[in-house]
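**Q** the following comprises the amino acid sequence and a computationally predicted model.
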Amino acid sequence: MRKQTLILVDLDGTLFDTVAVNAASYRAALEEVGATVTDEYYAKYCNGGYYKTFLRPLLGGDPDPALVERVHDRKKALYSACLGAARKNEALFALLAAMRPAAHLAVVTTGSRRNAAEILDYFGCRDWFELVLTSEDVTRNKPDPEGYLTAMARFGADAAHTMIFEDSAPGLAAARATGAAVFAVDRF
């Protein structure tokens, strides 16, 4: 059977609840440079956003770009040690399992390639997805639709044959800008 439908899913907050994982790994990285973030602040102001944007206020408002990169690199290195706090979206995975035979599945995330691979491997589902597109694969991150449009182009899919699952405000804005059917995930 030829697959005509494309299903694109966000990773953090959609496939997995990773707020605690990301908050803990960013907190540890920030504390190394004399800053910090609480779980509550991370969940409200950082989750789903792009690190170059949300790290700035946590590092004093106008930090050296090298410092932002250093904190982000340390966060990526610390991420795997915090994966025990992640939760899999069992309901969404059940839906994807039912749709897999007739659809292409891909992940589109603002996260790093390294951390995306780590969590997909941790939960044993990397082979579910034909494409994992990360912030390293685009020039403009969510809320810009570039990531979703790039994935659609790679599969030759138009908006009428694409479904997107997202959770964050920037991700939902990006998804809606594609014209595809968008499904908001707001709890597991």
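**A** Yep, it's here.
**Q** quick check: longest helix of the protein.
**A** helix 65-79 (DSSP state H).
**Q** what sits up against whichever strand or helix holds F93?
**A** If you go by DSSP states H and E, F93 is part of helix 90-99. With CB atoms under 8 Å, 6 or more residues apart in numbering as the test, helix 90-99 has contacts from T5, I7, V9, T14, L15, L105, C125, W128, F165, V185, F188. Every C-beta, even on glycine, is put in place using the N, C-alpha and C of the backbone.
**Q** after that helix, next one along is what?
**A** Per DSSP H and E, the first helix or strand lying C-terminal to helix 90-99 is strand 103-108.
**Q** dump that next one to CSV, restricted to CA.
**A** Output of strand 103-108 as CSV, limited to C-alpha atoms (Å, rounded to 0.1, in the frame of the first residue of the first chain):
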residue,chain,number,x,y,z
ALA,A,103,1.3,6.9,6.9
HIS,A,104,4.8,8.4,6.9
LEU,A,105,5.9,9.4,10.5
ALA,A,106,8.4,12.2,11.2
VAL,A,107,9.5,14.2,14.2
VAL,A,108,10.0,18.0,13.9
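**Q** strand 103-108 and the helix or strand just after that strand, what's the angle between them?
**A** Going down the chain from strand 103-108, the next helix or strand is helix 113-122, by DSSP H and E. Relative orientation of helix 113-122 versus strand 103-108 (axes from the mean of the first three to the mean of the last three CA atoms, to 10 degrees): 130 degrees.
**Q** just the angle between helix 113-122 and helix 65-79, please?
**A** If you take the same axes, to 10 degrees, helix 113-122 sits at 10 degrees to helix 65-79.
**Q** how about helix 113-122: buried residues?
**A** Buried residues in helix 113-122, counted by 16 or more other CB atoms under 10 Å: N115, A116, E118, I119, L120, Y122.
**Q** quick check, nearest of the residues you listed to Y148?
**A** A116 (15.4 Å; CB to CB).
**Q** so, low pLDDT: which residues of the protein?
**A** Scanning the chain with the threshold set as pLDDT under 70 gives 1-2.
**Q** alpha carbons of stretch 170-183, as CSV, please.
**A** The C-alpha atoms that make up stretch 170-183 are tabulated as CSV, following Å, rounded to 0.1, in the frame of the first residue of the first chain:
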residue,chain,number,x,y,z
PRO,A,170,5.3,28.5,19.1
GLY,A,171,4.9,25.0,17.7
LEU,A,172,1.1,25.4,17.2
ALA,A,173,1.8,28.7,15.4
ALA,A,174,4.3,27.0,13.1
ALA,A,175,2.0,24.1,12.5
ARG,A,176,-1.0,26.2,11.6
ALA,A,177,1.1,28.3,9.2
THR,A,178,1.5,25.2,7.0
GLY,A,179,-2.2,24.8,6.3
ALA,A,180,-2.1,21.2,7.5
ALA,A,181,-4.5,19.7,10.0
VAL,A,182,-3.2,20.5,13.5
PHE,A,183,-4.0,18.6,16.7
